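Colleague: Just a sequence and a predicted model for now, questions to come.
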Amino acid sequence: MTSITNKRVSYDIGCMKSLRRLPDRVALKFMDMMTRYMSDPTANGLNLETVEGSKDSSIKSLRVDQGYRAIAFEVGHDIMFVHVNEHDKAYRWAAGRRVKLDPETNRIRVIEELDAVVEAVAGPALSNLRLFEAVVDERLRGLGVPEEELPAVRQISTIEALESAEERFDPLTYQILYAVAAGYKDDEITTLTGIGGDTEAEPQAPAGELTFGQMIETEQSRQSIFIPDSEAELRRVFEEGLEGWRIFLHPDQRKIAYRDYNGPVLVRGGAGTGKTVVAMHRAKHLADQIEKDPSRAGQRVLLTTFTTSLAHDIEANLRTLCPGHLDARPPRIEVINLDRWVSQFLKRKSFAREVAFFGEARDRLDQVWREVFDDHELPDGLSEPFVRAEWAQIVQAKGLTDQRAYVKTSRAGRGTPLDRKKRASLWDIFADYRARLISEGLAEPDDAYREATEILTAEAPNLPYAAVIVDEAQDMGEQAFRLIRAIMPEAPSGDHNSLFIVGDAHQRIYGRRASMFACGVNVRGRSKRLRLNYRTTQEIRAWAVSVLEGVSVDDLDEGTDTLRGYVSLMHGVAPELVGCRSEAEELDGLVAWVRALPEDQIRFFDIGVLCARRVDAERVQGALRAAGIATVLLQSGADDRTVPGVRITTMHRAKGLEFFAVAIPFLSDTAFPPSGALRAAVDSADREDIVMQYRSLLHVAATRAKKALRVSWSGKPTSLVRT
Ligand SMILES: Nc1ncnc2c1ncn2[C@@H]1O[C@H](COP(=O)(O)OP(=O)(O)OP(=O)(O)O)[C@@H](O)[C@H]1O
């Protein structure tokens, strides 16, 4: 027996999973031993014992209590725990295992070599029952199954047998086998595993030359091996649960979040690909760097979003990832939505006008417009809604403050042409509106962004930010990007790790748009894409993508994006598409669907009903309540999951949420897009924009579902859905 001190301890995903199956007292004891060792390795040495008769001399066992043993590999400076189980089972598991440094996949693999005898006996007898019969060795090897595991693969007879043999295989092998069995194509499996193909991650050194200690640190190994940085981190992971996003990042995610960049970075990815997860890890990484360097004390990372609710969610999640950075005084990470940041900044700068973000202040804007329209004649053929749309989408969106700039500006994308004369008379109206706003002490959000940008540019105040991370970038307009660039201007020494921008133009639901390049944010050569959807099954994702079929979407810059090449981690059942004769029948069906969901697998808070309009959400609430089903109508605040009840909310609010099962009712051709929204269109181009926003909204709503989706309508379905 050797008492081990001062080694680096890590845990592979198999160990984490086996911990979950242990009785609580055993799991707690193991966790306690590990955290104590990490807090003071010299005082709390680990008594590792050699496993007699094992194939690999580095395999060791650790007594957890009388009946349980943990299995680990001890190589050089590292101890990697791989399994915890009852005494005999643990030793049996350990007997045939060995650790392999696999240069092909740039990972540490934990494999079991079957004896040739077992193989010979099992082979012919099972020949007509083999799950992978039609799959040749070469394909499996190419996908990353180690040679040594092929005999065991050949013994698997059914998908259920594969599932119950999970512990027999190296975690990556299991993932590959499962994907092959589920019918994924090779390029899709490459996306799932991050091996080879067109992935962001790549070997960091010639893989063949890496030692165990180096190989365990690769982006690829860390997809399934957790190396805690500190006792606090280990304790948090044990306490908060083992949700993959915190520890087992996809190699692409880790590479994107944990590298240095010499300029702004753009990360795109379809719904559910872990963009927010990457943004959070990026914040942690940059804050870790600040913490380690005493000369950077007081600096911080600004993580900003478009909506308040996402900012709340991110802050809550960061509390489980790196609370120290939020609680430090001053904090090393600040999470705030951009509107709020602007309000606070302008307040500090004694900006005297009230910014009309929502509510009563917005009603006052309507009142000012009414007064302006009373005093002006509109140019021929133009309506009041047109004038307001021109103001919002051209003048304010582009930050135009004088007539010359307005006359010269490009109005690309606006349907109704305007000659010079019309533009000149429109400018009179705009100038009057602006003057009245100022005398009323009011400002629109775009004014606030512009003012803040001007103050920052003129004063260059000493802000504490070392970097800005932006989530939901697709919903931010030009003024927002100019402001972000002004908060984090390019340093004289270059743009080191300055801006990290995350978004998906397919999910643009607020009608704003900007080219980052035009706003001084140059991401050329640093544009990344995430392709693995962790949230939604392949079947639901395919349906959600069909809603956007044939539509061209930008890449948040000056190019175009596509939803091709995405893969979902899971397969599941096809979405239910339900046509009804009336809305009453639709609501009855919805109630029956909620009741029929398997109660043992799913709790009410994990069911979301998403509607285009708040009034519809209220109708759904009425129907569910009448049937005795508890409900929660979600408003703009965070979703408190300790309150029981089916979640009902608008599709807009659903952004940032996810549910096991989602229902989207009222998708008839007269109800979706809602007629009120279409009536607001000022011309055919505007109408197309509105329809596009509703397509995106439906795409967002559908991609909130993890496992089950129900879509319904009464009468004729909207042309936006494929039935
Ligand atoms: N490496 C990972 N391991 C396990 N789960 C992950 C991983 N990365 C992301 N997830 C999970 O996938 C889901 C989607 O992640 P996230 O919200 O970051 O995606 P997103 O791209 O921002 O989505 P959207 O654009 O739809 O809002 C979350 O439940 C998250 O915890």
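Modeller: Ah, there it is. All figures in this text were calculated on a predicted structure; none of them were measured in a lab. Numbering: from 1, shown residues only.
Colleague: So whatever residue of the stretch 351-500 of the chain ends up closest to the ligand versus Arg541, what's the distance?
Modeller: Per C-beta to the nearest ligand atom, Asp471 is where the stretch 351-500 of the chain lies closest to the ligand, at 7.1 Å. Bear in mind the C-beta positions are built from the backbone N, C-alpha and C, glycine included. Per C-beta to C-beta, to the nearest Å, Asp471 is found 21 Å from Arg541.
Colleague: which of those two has more neighbours?
Modeller: Asp471 (29 against 25; other C-beta atoms under 10 Å).
Colleague: show me what contacts the residue in the stretch 501-650 of the chain that the ligand sits nearest to?
Modeller: The ligand sits closest to Tyr534 of the stretch 501-650 of the chain, with a gap of 3.2 Å, by C-beta to the nearest ligand atom. Applying C-beta atoms under 8 Å, 6 or more residues apart in numbering, we find Tyr534 in contact with Gly244, Trp245, Gly272, Thr273, Gly274, Leu569.
Colleague: what number of residues lie near the fourth one?
Modeller: Counted by other C-beta under 10 Å, the residues lying close to Thr273 total 26.
Colleague: Confirm for me that the residue of the stretch 351-500 of the chain closest to the ligand is in contact with Lys275.
Modeller: Yes. Counting by C-beta atoms under 8 Å, Asp471 touches Lys275, with 7.0 Å between them.
Colleague: Report the set of residues contacting both of those two.
Modeller: Val502, Gly503.
Colleague: quick one on the thing from earlier: show me the contacts of Tyr534 that map onto helices.
Modeller: Here DSSP state H is the test, and those give Gly244, Trp245 as lying in helices.
Colleague: for the contacts of Tyr534, which one is nearest Val523?
Modeller: Using C-beta to C-beta, Thr273 comes nearest to Val523 of the contacts of Tyr534, at 17.8 Å.
Colleague: separation between the closest residue to the closest one other than its chain neighbours and Thr320?
Modeller: Among residues not flanking Thr273 along the chain, Leu530 sits closest, at 3.9 Å (C-beta to C-beta, 6 or more residues apart in numbering). The spacing between Leu530 and Thr320, counted by C-beta to C-beta, is 21 Å.
Colleague: higher neighbour count, these two?
Modeller: Leu530 (25 against 16).
Colleague: what residues does this structure put near the ligand?
Modeller: 244-245, 248-250, 253, 269, 271-277, 504, 507, 534-535, 656, 658, 703 (C-beta under 6 Å from any ligand atom).
Colleague: List the contacts of Val153.
Modeller: By C-beta under 8 Å, 6+ apart, the neighbours of Val153 are Phe132, Leu140, Val145, Phe169, Thr173, Leu177.
Colleague: so how many other residues sit close to the closest residue to the ligand within the stretch 101-250 of the chain?
Modeller: As assessed by C-beta to the nearest ligand atom, the ligand sits closest to Gly244 within the stretch 101-250 of the chain, at 2.7 Å. Gly244 has 16 neighbours, counted by other C-beta under 10 Å.
Colleague: and Val301, that one's in a strand?
Modeller: Yes. Val301: assigned to a strand according to DSSP: H, G, I helix; E, B strand; the rest coil.
Colleague: Just confirm it contacts Gln289, I think it does.
Modeller: No. Look at Val301 against Gln289 with C-beta under 8 Å: they stay out of range, at 9.4 Å.
Colleague: Between these two, which is the more surrounded one?
Modeller: More neighbours surround Val301 than the other of Val301 and Gln289, with 26 against 17 (other C-beta under 10 Å).
Colleague: what pairs with that one across the strands?
Modeller: Ile333, Ala467 (DSSP bridges).
Colleague: can you check the one 4 residues further on too?
Modeller: Following DSSP bridges, Thr305 is listed with bridge partners Asn337.
Colleague: tally of neighbours for it?
Modeller: Thr305, neighbours per other C-beta under 10 Å, totals 29.
Colleague: In contact with it, which residues?
Modeller: Thr305 touches Ala311, Ile314, Val335, Asn337, Leu338, Val470, Asp471, Glu472, counting by C-beta under 8 Å, 6+ apart.
Colleague: From those residues, which land in helices?
Modeller: Ala311, Ile314, Leu338.
Colleague: Export the residues you listed as JSON lines, with columns for pLDDT.
Modeller: JSON lines is the format used below for the ones in helices among the contacts of Thr305 (pLDDT from 0 to 100):
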{"residue": "Ala311", "pLDDT": "93"}
{"residue": "Ile314", "pLDDT": "94"}
{"residue": "Leu338", "pLDDT": "96"}
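Colleague: Can I get those in a markdown table including neighbour count?
Modeller: What follows is these, written out as a markdown table (neighbours: other C-beta atoms under 10 Å):
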| residue | neighbour count |
| --- | --- |
| Ala311 | 24 |
| Ile314 | 26 |
| Leu338 | 26 |
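Colleague: Can you tell me which of the residues you listed is closest to Thr416?
Modeller: Leu338 (30.8 Å).
Colleague: distance of the closest one from the ligand?
Modeller: 17 Å (C-beta to the nearest ligand atom, to the nearest Å).
Colleague: That residue against Gln479, yeah?
Modeller: No. In this structure, Leu338 is not within contact of Gln479 by C-beta under 8 Å, at 9.9 Å.
Colleague: returning to that earlier point: just put the contacts of Tyr534 in TSV and tack on pLDDT.
Modeller: Listed next are the contacts of Tyr534 as TSV, based on pLDDT from 0 to 100:
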residue	pLDDT
Gly244	78
Trp245	88
Gly272	95
Thr273	95
Gly274	96
Leu569	88
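Colleague: and of the contacts of Tyr534, the nearest to Leu597?
Modeller: Gly272 (20.7 Å).
Colleague: Buried residues of stretch 455-470, list them for me.
Modeller: Neighbour-count burial for stretch 455-470, counted by 16 or more other C-beta atoms under 10 Å, picks out Ile455, Leu456, Leu463, Ala466, Ala467, Val468, Ile469, Val470.
Colleague: Which strands and helices lie in contact with whichever strand or helix holds His83?
Modeller: Assessed by DSSP states H and E, His83 sits inside strand 78-86. Using 3 or more C-beta pairs under 8 Å, 6 or more residues apart in numbering; DSSP states H and E, the elements in contact with strand 78-86 are strand 8-12, helix 13-20, helix 24-39, strand 59-65, strand 68-75, helix 87-95.
Colleague: rerun at 6 Å
Modeller: strand 8-12, helix 13-20, strand 68-75 (3 or more C-beta pairs under 6 Å, 6 or more residues apart in numbering; DSSP states H and E).
Colleague: Contacts for the second one next, please.
Modeller: In this case it means helix 13-20. Ala27, Phe81, Val82, His83, Val84, Pro171, Ser224, Leu242 (C-beta atoms under 6 Å, 6 or more residues apart in numbering).
Colleague: Most neighbours among these, which one is it?
Modeller: Of those, with other C-beta under 10 Å as the count, Val84 tops at 28 neighbours.
Colleague: so what's that residue bridging to?
Modeller: Beta-bridge partners, per DSSP bridges, of Val84: Ala70.
Colleague: Surely it and Ala70 touch.
Modeller: Yes. Counting by C-beta atoms under 6 Å, Val84 does reach Ala70; the two are 4.5 Å apart.
Colleague: Domain map for the protein?
Modeller: 2-215, 249-345+460-535, 357-443, 575-714 (automatic domain parsing).
Colleague: Mind checking the ones you listed for the one nearest to Gly559?
Modeller: Closest among those, using C-beta to C-beta: domain 249-345+460-535, at 8.7 Å.
Colleague: so where's the stretch 201-350 of the chain uncertain?
Modeller: By pLDDT under 70, the low-scoring segments of the stretch 201-350 of the chain are 201-208, 241-242.
Colleague: ok, now the stretch 51-200 of the chain?
Modeller: In the stretch 51-200 of the chain, residues with pLDDT under 70: 114-129, 197-200.
Colleague: Now stretch 263-282 - C-alpha only, PDB.
Modeller: Extracted as PDB, the C-alpha positions of stretch 263-282 are listed here (Å, rounded to 0.1, in the frame of the first residue of the first chain):
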ATOM      1  CA  GLY A 263      -9.300  40.400 -32.100                       C
ATOM      2  CA  PRO A 264     -13.100  40.100 -31.700                       C
ATOM      3  CA  VAL A 265     -14.600  36.600 -32.000                       C
ATOM      4  CA  LEU A 266     -18.000  35.600 -33.300                       C
ATOM      5  CA  VAL A 267     -19.500  32.300 -32.300                       C
ATOM      6  CA  ARG A 268     -22.500  31.200 -34.200                       C
ATOM      7  CA  GLY A 269     -24.600  28.000 -33.800                       C
ATOM      8  CA  GLY A 270     -28.100  26.800 -34.100                       C
ATOM      9  CA  ALA A 271     -30.500  26.700 -31.200                       C
ATOM     10  CA  GLY A 272     -29.300  24.500 -28.300                       C
ATOM     11  CA  THR A 273     -25.700  24.100 -29.500                       C
ATOM     12  CA  GLY A 274     -24.300  25.600 -26.200                       C
ATOM     13  CA  LYS A 275     -23.600  29.100 -27.200                       C
ATOM     14  CA  THR A 276     -24.600  30.500 -23.800                       C
ATOM     15  CA  VAL A 277     -22.600  27.700 -22.200                       C
ATOM     16  CA  VAL A 278     -19.500  28.800 -24.200                       C
ATOM     17  CA  ALA A 279     -20.100  32.400 -23.300                       C
ATOM     18  CA  MET A 280     -20.200  31.500 -19.600                       C
ATOM     19  CA  HIS A 281     -17.000  29.500 -19.800                       C
ATOM     20  CA  ARG A 282     -15.400  32.300 -21.700                       C
END
